[in-house]
Each structure stands twice: as structure tokens, then as C-alpha cells.
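Trainee: After the sequence you'll find the predicted model.
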Amino acid sequence: MGYVDPHAIVERDVSLGDETSIWAFTQVRTGAKIGAGTSVGSHGYVDMDVVIGENCKIQSGVMIFHGSSVGNGVFLGPGVIVTNDKKPRAINADGSRKGTEDWVVGGVAIRDGASVGAGAVLVAGVTIGSFAMVAAGAVVAKDVPDHGLVAGVPARSMGWVCYCGNRLSVDQGVGVCPSCHQTIHLSR
């Protein structure tokens, strides 16, 4: 199974892949699925039914809320927040406390190989494309394309990145990596 720190809380009906690590003071809720080779750092939160792929590196303090999915080989930096409610309210218009039937889950999809920098916030309903990169501290409210590089509040396109993480030189929709020399056909 891997390693689960004795100070972690892993609820019933959680699926943990081989060589998965769950570190101290992290809570993994019922129905969550975490793939083989994934490490979830300390002081994190993986909500119910969240699916995390294989070989991911989820740093300390990351919170991933219900309705979200994380692909294979994803990096989430310290303190990343993956939200699930576009119109958060504690109460209904009549003042009654909201229950689960009073809101719509709007999870986030993070595709294979994507990287999200420390402290970034992913707003409910967005998709982070394969091998995209989100800068530290960004607030992402719109989809990020495959290999897209975004930064800022709100996050805006800053260019394109290679599989290896370096910025691409782009000409007429084709990116070339100056480091590993990969050629990538890009689409918005």
C-alpha cells in the first residue's frame, strides 16, 4: 500500500495505490482514490470522492475539494487550493443554513503532467490542460490549454511550456523547446 503517517486521517472506503504516501495531519475523505506512487504532503485535505492519479506530488497544505480530479504526474505546490463552489453562501435566501442539496458541485479538472505553483487558487469549473503550468499565487478562473503558462490575479496567458517545463519559442502555432528540442503543435 505505501505509507500512511499515524497522525493522518484516512477515512473508510479510500483507495490508495501501491507506494502511495500520506503524511502527517492530512485528511483523506471517504471515497477518495489516490493512484500508485503519489505523495500527499502534511497538513493537506483530500475531500470525498476526489480522484488523484499516479505519480503525483501533492505538497503540504494542499486542499482539493469534492468534485475535482487530478490526472497522472501532476505537481501541486504548497498551499494550492482546488475549489468546488462558484457561488458560495452559508445560507439560503430565507436565512436557513444551506445543505448539500442547496448547491451545485463545480469541481476542477487537472490533466496529466500539469504543474500548479505554491498558493495558487483554482476556481470551481476550470480545467488545467495537460502539461500546463500555473504560476505561484495565480488565481485561475478560466480554462488553461495544454502546455499553457498562466500567471497573475486573475491568471492570464504568459506563453507556452514544454513537457520538460521550459518556455517554448512559438512560431505559427508550433512550439520548440530551446532546452530539450521537443516540437509541440499548440492549440488554444
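Mentor: That came through fine.
Trainee: I'd guessed Phe65 sits against Asp47; true?
Mentor: Yes: between Phe65 and Asp47 a contact is recorded at 4.6 Å, counting by C-beta atoms under 8 Å. For every residue, glycine as well, the C-beta is placed using N, CA and C.
Trainee: Need the overlap of contacts for those two.
Mentor: Asn84 (C-beta atoms under 8 Å, 6 or more residues apart in numbering).
Trainee: Give me the spatial nearest neighbour of Gln27, chain neighbours excluded.
Mentor: Of all residues not flanking Gln27 in the chain, Ile9 sits nearest, at 4.4 Å (C-beta to C-beta, 6 or more residues apart in numbering).
Trainee: Contacts only, for the one you found.
Mentor: If you count contacts by C-beta under 8 Å, 6+ apart, then Ile9 has Thr26, Gln27, Val28 around it.
Trainee: neighbour-wise, which of these leads?
Mentor: Val28 (27 neighbours; other C-beta atoms under 10 Å).
Trainee: Identify the bridge partners of that one.
Mentor: Note on Val28: beta-bridge partners by DSSP bridges are Val10, Val46.
Trainee: what's the distance between it and Pro154?
Mentor: Using C-beta to C-beta, to the nearest Å, one gets 30 Å for the distance from Val28 to Pro154.
Trainee: Check Ile34 too.
Mentor: Ile34 is 30 Å from Pro154, by C-beta to C-beta.
Trainee: And for Ala114?
Mentor: For Ala114, the distance to Pro154 equals 18 Å [C-beta to C-beta].
Trainee: what's the neighbour count on Val108?
Mentor: By the criterion of other C-beta under 10 Å, Val108 has 23 neighbours.
Trainee: just checking, it touches Val121?
Mentor: No: contact between Val108 and Val121 fails when scored by C-beta under 8 Å: they sit 10.0 Å apart.
Trainee: list the residues that contact both of the two?
Mentor: When contacts are counted by C-beta under 8 Å, 6+ apart, the set common to Val108 and Val121 consists of Thr83.
Trainee: And stretch 69-86, what's buried?
Mentor: 69-85 (16 or more other C-beta atoms under 10 Å).
Trainee: Strands - which of these land there?
Mentor: Judged by DSSP state E, the subset of the buried residues of stretch 69-86 located in strands is Ser69, Val70, Phe75, Leu76, Ile81, Val82.
Trainee: OK, contacts around the fifth one?
Mentor: The contact partners of Ile81, taken as C-beta under 8 Å, 6+ apart, are Val62, Met63, Ala120, Val121, Leu122.
Trainee: Out of these, list just those in strands.
Mentor: Among the contacts of Ile81, the ones falling in strands (DSSP E) are Met63, Val121, Leu122.
Trainee: Which one of the residues you listed sits in the busiest neighbourhood?
Mentor: Of those, with other C-beta under 10 Å as the count, Leu122 tops at 29 neighbours.
Trainee: Having no further points to raise, I will conclude here.
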